[in-house]
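# based on what follows, work out the 3D shape:
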Amino acid sequence: MPVQNRIADYAQQMGEWRRHLHRHPELGFDCVETARFVAARLREFGVDEIHEGIAKTGLVAIIEGQGEGPVIGLRADMDALPIEETTGAAHASTVPGVMHACGHDGHTTMLLGAAKYLAETRRFAGKVALIFQPAEEGAGGAKVMVDEGMLERFGIGQVFALHNAPGLHEGSFAMRPGAFMAAVDTATVRITGRGGHGARPHETADPIQAAIAMIQAFQTIVSRNVPAGDAVVISVTQIHAGSADNIVPEAAWFGATVRCFDDGVRDLVERRMEEIVAGQATAFGVTAALDYRRGYPATVNDADAAAFAAGVAGEVAGAGMVDDAAAREFISEDFAYMLQARPGAYLFLGQGESAGLHQSGYDFNDAIAPVGASFLARIVERAQPAS
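Modelled structure (predicted):
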């Protein structure tokens, strides 16, 4: 893999940074020590500006290139997950119940590696903004950064980011133009009936039967309401009711996740769920309410930026190591908010064979860190070449 030679020279140091971060994971917006570690490294590199306290613990560092030019943004997420680690690694998490199970320690390390190289060489015009973001895992740290005016504050014109991908060939890249990852919504239905003795069901208004009917009907939204060309997944993932074998409960509730790539489909699914809940509630003589909450939007790559990123990835990874028409993924990513505000692209970097993301046995593959750092650095040099 033809990584930047200078970045390859400090691959061992990058591994040390990554393992330090892995041992000390932090959740959500509380990435205090992680941000402090990042800022300390950036000061050592001699970046021109460090702006802390963005989205609570996020930071943006600026490196100036040669002469006037635009500002390109490179983003890495910093937060961990509430999972008890089972890797048994020497660098395993020292925080009970918290671990880097998604590789954000590796993402932060790759951006630090790119920062060190860019601060040394400065073979680009304009500026690069290094975005270290907290709270990707569900709390929407990217949205907070965008809402706080980060992109306007630093004049960022386009944005790029990477995510490691277990199961994808080590050091290879995958991306696609347009919608790449799904929007994610949450649906919760609460049902109130009339409880009673299990021996006398005719005297009750059974919320369990109503829930079953609603859940079954939800599946027809995919098969009968959404056009076949518009992909959507509706998964009911929890149901709660009852406390004893011989009692029909008074109440029940269930929850579902909805994944799709188009806002029109989101509107359709929400409307049909409302209609189904209301209709089945009437049919079973219960009352019911749907709480439909929209989460991260779809991650949509700008077509030109995706093609440009694919070319740069090919320079770094070599021929045959870039899939520029990868299948869409039903997972979600809050970098979507930055891509809504600016053109850019999000790519997967192959981790090789390993435990999957969000699994207790997962660990980032340090061998791919120089590849990711080289890609991020070369994106800047190719997008904003020095005169």
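# can we go C-alpha only for contacts and neighbour counts from here?
Will do.
# quick one: the most centrally placed residue in the chain from residue 33, how far?
With distances taken as CA atoms, centre = their mean, residue 333 lies nearest the centre of the chain, 2.8 Å away. Residue 333 sits 23 Å away from residue 33, going by CA to CA, to the nearest Å.
# tell me how far the residue nearest to the centre of the chain lies from residue 301.
For residue 333 relative to residue 301 (CA to CA), the value is 12 Å.
# residues contacting the residue nearest to the centre of the chain?
Contacts of residue 333 were listed using CA atoms under 8 Å, 6 or more residues apart in numbering, and they are 136, 181, 296, 298, 299.
# mind doing that once more with 6 Å?
Listed by CA atoms under 6 Å, 6 or more residues apart in numbering, the contact set of residue 333 is empty.
# and it, what pLDDT?
pLDDT recorded at residue 333 is 97.
# and for residue 6?
Listed pLDDT for residue 6 reads 86.
# same question for residue 2.
Per-residue pLDDT puts residue 2 at 58.
# one more: residue 254?
As predicted, residue 254 sits at a pLDDT of 98.
# SS state for the nearest residue to it once chain neighbours are set aside?
Of all residues not flanking residue 254 in the chain, residue 239 sits nearest, at 4.1 Å (CA to CA, 6 or more residues apart in numbering). Following DSSP: H, G, I helix; E, B strand; the rest coil, the label given to residue 239 is strand.
# list the contacts for residue 81?
Shown in contact with residue 81 (CA under 6 Å, 6+ apart): 98, 99.
# which strand residues bridge it?
Beta-bridge partners for residue 81, by DSSP bridges, are residue 99.
# I figured residue 349 hits residue 164, correct?
Yes: contact criterion CA atoms under 6 Å: residue 349 and residue 164 qualify, at 4.7 Å.
# tell me who's in contact with residue 162.
So residue 162 contacts 346, 347, 348 (CA under 6 Å, 6+ apart).
# what about it, which helix or strand?
Assigning secondary structure by DSSP states H and E places residue 162 in strand 156-166.
# try residue 293
strand 287-294.
# one more: residue 379?
Using DSSP H and E, residue 379 falls in helix 369-383.
# before we move on, back to that, Provide the strand pairings for whatever helix or strand comes next after the strand holding residue 293, with the direction of each partner.
Using DSSP H and E, the helix or strand that follows strand 287-294 towards the C-terminus is strand 299-301. The strands beside strand 299-301 in its sheet (DSSP bridges) come out as strand 178-181 (antiparallel).
# now the partner strand: average pLDDT?
Strand 178-181 comes out at a mean pLDDT of 98.
# next helix or strand past it?
Past strand 178-181, the next helix or strand by DSSP H and E is strand 183-192.
# output that following strand as PDB, restricted to C-alpha atoms.
The C-alpha coordinates for strand 183-192 follow below in PDB (Å, rounded to 0.1, in the frame of the first residue of the first chain):
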ATOM      1  CA  ALA A 183     -31.500   7.900   7.800                       C
ATOM      2  CA  VAL A 184     -32.600   6.400  11.100                       C
ATOM      3  CA  ASP A 185     -35.900   7.000  12.900                       C
ATOM      4  CA  THR A 186     -37.400   5.500  16.100                       C
ATOM      5  CA  ALA A 187     -41.000   4.500  16.500                       C
ATOM      6  CA  THR A 188     -42.500   3.800  19.900                       C
ATOM      7  CA  VAL A 189     -46.200   2.700  20.300                       C
ATOM      8  CA  ARG A 190     -47.900   2.700  23.700                       C
ATOM      9  CA  ILE A 191     -51.200   0.900  24.100                       C
ATOM     10  CA  THR A 192     -53.600   1.100  27.000                       C
END
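# show me what whichever helix or strand comes after it is packed against.
Sequence-wise, the next helix or strand downstream of strand 183-192 (DSSP H and E) is strand 196-197. The contact analysis (3 or more CA pairs under 6 Å, 6 or more residues apart in numbering; DSSP states H and E) places strand 196-197 against strand 247-248.
# now the strand holding residue 293 and strand 183-192, what's the angle there?
Angle of strand 287-294 versus strand 183-192, following axes from the mean of the first three to the mean of the last three CA atoms, to 10 degrees, is 170 degrees.
# so what touches strand 287-294?
185, 186, 187, 188, 189, 190, 191, 192, 281.
# same deal with stretch 254-270?
Under CA under 6 Å, 6+ apart, the answer for stretch 254-270 is 182-189, 232-239, 298.
# quick one, domains of the chain?
Domains of the chain are assigned by automatic domain parsing as 5-179+298-383, 183-294.
# which of the ones you listed is buried the deepest?
Among the domains of the chain, ranked by average contacts under mean count of other CA atoms under 10 Å, first place goes to domain 5-179+298-383 (a mean of 21).
# is residue 79 in a helix, a strand, or coil?
The three-state label given to residue 79 by three-state DSSP is coil.
# so it touches residue 27, yeah?
Yes: at 5.2 Å, residue 79 counts as touching residue 27 under the criterion of CA under 6 Å.
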